[in-house]
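Visitor: Please find the sequence and the predicted model below.
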Number of protein chains: 2
Amino acid sequence: MFTRIDHVGIAVEDLDASLALYDRDYEMTLVHREVVEEQGVEAVLLDVGENHVELIAPLGPETTVAKFLERRGSGLHHVAYQVTDIAAQLARLKAAGVRLIDEEPRVGIRNSSVAFLHPKSSGGVLTEIVQPSHEGH
Amino acid sequence: MFTRIDHVGIAVEDLDASLALYDRDYEMTLVHREVVEEQGVEAVLLDVGENHVELIAPLGPETTVAKFLERRGSGLHHVAYQVTDIAAQLARLKAAGVRLIDEEPRVGIRNSSVAFLHPKSSGGVLTEIVQPSHEGH
């Protein structure tokens, strides 16, 4: 059971240029900025009510996000749904036949637990599930 | 000011096949199904907490969604943010220099008022703002 849309992930070339749009023009509040080495990105989170926009920019040309940008340009990259028990959800989804990129949760932005589902079994949509850390929300 | 993510819009070839994933495997509740002639789609809404997933399938080969599917395949199509006063938001965004597809709100799914912002000034993201109707939520 997914409790809400945690965030939409948007791939951008330049974080600061994109912040001008999201922060200034869309009036979303910037709440977090972090280098996530494991995913090869620098990311920011902006609040939209209880949901977030996550802007991600590649750390280098060999990262998956750099390749996404090369292929498609900046735009919607993934959607993340919030869960309360990620291990139970992964087991349930696997049993339902959903193909997983991450069989085990790993650490994501703001110390959350995250796992990606494969776009091949998610209708072409890179889909993430997220269990926020106790400190986060 | 955007109050939440209203929905993510996902372009699909076949609504019923996609419902098997979202309804059955992701356990999202189907709450609405509608032909939106003006946008050339048949659409369904599924609840994810207070947010929604909107699956859209083209009504014919000349529609913009059919062309999107031809170019990119099924996947994330747009993101929609909820607002309480769409006319005021459109005026504010226009004054901020954001390029609008719809200068005036038009009727969207479930009798909402919607307007699209141009991806050229939204970092490649087709962005919609939505004011729900009083009957909807």
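Guide: In hand now; what should we look at?
Visitor: Would you mind putting the CA coordinates of stretch A:3-22 into CSV?
Guide: Extracted in CSV, the C-alpha atoms of stretch A:3-22 (Å, rounded to 0.1, in the frame of the first residue of the first chain):
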residue,chain,number,x,y,z
THR,A,3,0.4,6.2,1.3
ARG,A,4,1.2,9.1,-1.0
ILE,A,5,3.3,10.4,-3.9
ASP,A,6,6.6,11.0,-2.0
HIS,A,7,8.1,13.0,-4.9
VAL,A,8,8.6,13.3,-8.6
GLY,A,9,12.2,13.2,-9.7
ILE,A,10,13.2,15.6,-12.4
ALA,A,11,16.5,15.4,-14.2
VAL,A,12,18.2,18.8,-14.8
GLU,A,13,21.5,19.9,-16.3
ASP,A,14,22.1,22.6,-13.7
LEU,A,15,20.6,22.6,-10.2
ASP,A,16,20.9,26.3,-9.5
ALA,A,17,19.3,27.4,-12.8
SER,A,18,16.4,25.0,-12.1
LEU,A,19,16.0,26.3,-8.6
ALA,A,20,15.3,29.7,-10.0
LEU,A,21,12.2,28.2,-11.6
TYR,A,22,11.0,25.9,-8.8
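Visitor: List the buried residues of it.
Guide: With burial defined by 16 or more other Cβ atoms under 10 Å in any protein chain shown, the residues of stretch A:3-22 counted as buried are A:4-12, A:15, A:18-19, A:21-22. Yep, even glycine has a C-beta here, placed from its N, CA and C like the rest.
Visitor: Pull the most distant pair out of these.
Guide: By the measure Cβ to Cβ, A:R4 and A:L15 form the most distant pair in those, at 24.7 Å.
Visitor: Of the buried residues of stretch A:3-22, which fall within the contact range of chain B?
Guide: Filtering the buried residues of stretch A:3-22 for proximity to chain B by Cβ under 8 Å from any Cβ of the partner chain leaves A:R4, A:I5, A:V8, A:I10, A:V12, A:S18, A:L21.
Visitor: Could you dump these into CSV and include secondary structure and pLDDT?
Guide: What follows is those, written out as CSV (DSSP: H, G, I helix; E, B strand; the rest coil; pLDDT from 0 to 100):
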residue, secondary structure, pLDDT
A:R4, strand, 98
A:I5, strand, 98
A:V8, strand, 98
A:I10, strand, 98
A:V12, coil, 97
A:S18, helix, 94
A:L21, helix, 93
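Visitor: Going by distance to A:N51, which of the residues you listed wins?
Guide: A:I5 (5.3 Å).
Visitor: Could you pull up the contacting residues of the closest one?
Guide: With contact taken as Cβ atoms under 8 Å, 6 or more residues apart in numbering or on different chains, A:I5 is in contact with A:N51, A:V79, A:A80, A:Y81, A:Q82, B:I5, B:V8, B:V48, B:G49, B:N51.
Visitor: what's across from it in the sheet?
Guide: A:Y81 (DSSP bridges).
Visitor: Enumerate every residue touching A:G73.
Guide: Counting by Cβ under 8 Å, 6+ apart, A:G73 has contacts B:G124.
Visitor: What confidence value was assigned to it?
Guide: Per-residue pLDDT puts A:G73 at 94.
Visitor: The one 10 residues further on too?
Guide: Model confidence at A:V83, expressed as pLDDT, equals 97.
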